[in-house]
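Trainee: coords below, sequence missing:
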């Protein structure tokens, strides 16, 4: 008789963004005349840039002829893309990453969800709180998190590292030593960034304790300040303790195009000499068949001169929105964080509202959709996330509405 | 201190096709003047058909404009594709499948590798022997297979169902009752097919024992004979015991384009009423972010009138190759199976050679790459797989060379 994975049954409720989608859908049905502005899910709205569109058309044409048709891709991804990433992303930072340590995937969500699988079941995981839900939920599915306490919203076997206004949303080193540490900077959801000096402390801590850091750098393209690292490999010693996850979703608008990559350096080894890189390669070869050729060609185009210029303009567009939201809310008396090195604005809910109360209030009064901070973890309670990914017109309209309530 | 997933360490050697690629690469380096013909990996060679190319270009254009740009896809996949599949694949077979039981993915390999995850760790798995390696390897990674015996090539906790010439390569019902049964018809690697009456026996057996069948129908488009079911849902009662995995790789040449889908009917429930469909939905929502929009549009085009005509011609082209291989090898005195309802030809190695001996022999003497039967399991020893996915010219040349050795 078949039995289901009991670890799945532990997951409380449904995935945060599915819940939001259902609430919005119910509101829209009840109020068909209201024009909703979505600054909730971090989904981009600007079209793919001309350099990417050109590369897509060209790759589609290659698929139309037997001479240039592409079947199964190499396990790790096409060399043209892995080598471009090595040369255009890591070399300029002085970060030593080789092409066969770069694994092309269908996106950072898949990678950040799947990476836990190469670690043992009794791995002790540390996460920031609030945190991107995928890190915790996939470890729940992997049987590592213990039991859930609905009252606190905490799992018994997870080390939580609170990130609040009191510590500028940068976690302190945990007292209990974890085996696996998830860090995301610039941060989703808080929009906070970390200095190179602070990140170096984390790298040193991981090396001292033989812990592994999963560093989610999906938002690095939004960094505007000096002294904020674009990659964890800018830190000394990171090659022996850090996996870095990258995305094309936010820097090039690939949320619906699906492309990402993960770096697993060969220097991360057990005492027996087992390389995490080889386990991840085995996973890629066994459970995945590569990102589509035409999408990998699109990814390559992002790094062309035109691609860099055009995606740079998109990022500037969104960061202009971020500044508009940040300034507008500050003028309206809100306490506002983030929005300088990240496309997320993190605000304190007014009048001691809970995050979901503020969600409902904002939806009903301003017809604006944001993301409740508590959806990202208990320390997100009393906070709320707005994203800069809307159109400028919608962003301006949303702030106008929020100011008037 | 981090520890790796010990279940990964149990996997012997590397993934079959990676090993073949390395052998071929070594041979090519040593013999740069030899022209290799690859009839090994089941990778297609015909370009995407015009209807699909047109849909891809059109979808790329949509991504170029803010008005038609698509970001994150719905969790299950776009309704336009799920509804088309319901109407064009299942309705004509009289199979009752609803659109919200269809999950769009990046391919059948991912789905057949990931599906084990929604079952408990102590699930007893049954597989045909020989078998597509992904079913077993992913259950090894999931900790379900016990210990590996290098001498026999068997896992202690897996039920093997031998498929050889003696039983026409269709497994008999196992004596020990499994919880989860993997079946693939038309079969990879043997090219065998199953009658509807025989498949009905499996469905009845699963329902009686509350087991679940994972039915891999990736090759259904190659069925040429009457009485051979295209979907397990043609069988009575399959909705309460069978998951079906489908691919666009072989019927439409999407090996490098990546698209597949899996059907998980709501009728598969535990005694507590937990639906497997909901667990799979949770996995999709948490660890995956959908197939690219432009690829889903390409998938839709496969079902258009032109798409069906054009992909039908591709299938006829490959099946003409299959007949050529089958007849040519039979003339040369080989015992040959498959190739009628499947693009695979399964042959008995001559002179009691092992499968890998014949691989090396064929590579060295005819410069033809095939796949050793033993790579698919112990009962594949002494067999060898050739695929019909080459060009007609290469297929003819390969048979000429094989005949001359």
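Mentor: Yes, it's here. Computed from a predicted structure; not experimentally measured.
Trainee: so how many other residues sit close to the closest residue to chain B within the stretch 251-400 of chain A?
Mentor: The stretch 251-400 of chain A approaches chain B most closely through residue A:287 (3.7 Å), counting by CB to the nearest CB. For the C-beta atoms, the positions are set from N, CA and C on the backbone; glycine is no exception. When counting by other CB atoms under 10 Å in any protein chain shown, one arrives at 21 neighbours for residue A:287.
Trainee: Am I right that residue A:361 is in contact with residue A:354?
Mentor: No. Using CB atoms under 8 Å, residue A:361 is not in contact with residue A:354, being 10.1 Å away.
Trainee: got the residues of the stretch 151-300 of chain A near chain B?
Mentor: A:179-180, A:209-212, A:253, A:255-258, A:270, A:274, A:276, A:279, A:282-283, A:285-295 (CB under 8 Å from any CB of the partner chain).
Trainee: what about the residue of the stretch 251-400 of chain A closest to chain B, distance to residue B:78?
Mentor: 24 Å (CB to CB, to the nearest Å).
Trainee: any residue of the helix or strand hosting residue A:128 up close to chain B?
Mentor: Assigned by DSSP states H and E, residue A:128 belongs to strand A:125-129. No. Contact between strand A:125-129 and chain B is absent, the nearest approach being 10.4 Å (criterion: CB under 8 Å from any CB).
Trainee: Checking the closest residue to residue A:288 other than its chain neighbours next. Helix, strand or coil?
Mentor: Leaving out its chain neighbours, the residue that sits closest to residue A:288 by CB to CB, 6 or more residues apart in numbering or on different chains is residue B:110, at 5.8 Å. For residue B:110, the secondary-structure state derived from DSSP: H, G, I helix; E, B strand; the rest coil is helix.
Trainee: For residue B:110, give me its contacts.
Mentor: A:287-289, B:260 (CB atoms under 8 Å, 6 or more residues apart in numbering or on different chains).
Trainee: Would you list the strands that the strand holding residue A:128 pairs with, along with their directions?
Mentor: Paired strands of strand A:125-129, with direction, are strand A:158-162 (parallel), strand A:180-184 (parallel) (DSSP bridges).
Trainee: Which stretch among the ones you listed is buried most, on average?
Mentor: Burial of these is given as mean neighbour count (mean count of other CB atoms under 10 Å in any protein chain shown); strand A:180-184 ranks first at a mean of 26.
Trainee: Can you identify the element that follows that strand toward the C-terminus?
Mentor: helix A:196-209.
Trainee: Flag every buried residue along that next one.
Mentor: Across helix A:196-209, burial judged by 16 or more other CB atoms under 10 Å in any protein chain shown covers A:198-200, A:202-207, A:209.
Trainee: any idea how far chain B is from residue A:91?
Mentor: 27 Å (CB to the nearest CB, to the nearest Å).
Trainee: Near chain B, which residues of the stretch 301-405 of chain A are found?
Mentor: Going by CB under 8 Å from any CB, the residues of the stretch 301-405 of chain A near chain B are residue A:391.
Trainee: most centrally placed residue in chain A?
Mentor: Geometric centre of chain A, nearest residue: residue A:218, 4.9 Å, by CA atoms, centre = their mean.
Trainee: any idea which element the closest residue to residue A:50 other than its chain neighbours lies in?
Mentor: In this structure, residue A:50 finds its nearest non-sequential neighbour in residue A:310, 6.1 Å apart by CB to CB, 6+ apart. Assigning secondary structure by DSSP H and E places residue A:310 in helix A:305-331.
Trainee: Whatever helix or strand comes next after that helix - contacts with which helices or strands?
Mentor: Later in the chain than helix A:305-331, the nearest helix or strand by DSSP H and E is strand A:336-338. Helices and strands touching strand A:336-338, by 3 or more CB pairs under 8 Å, 6 or more residues apart in numbering or on different chains; DSSP states H and E, are helix A:305-331, strand A:344-348.
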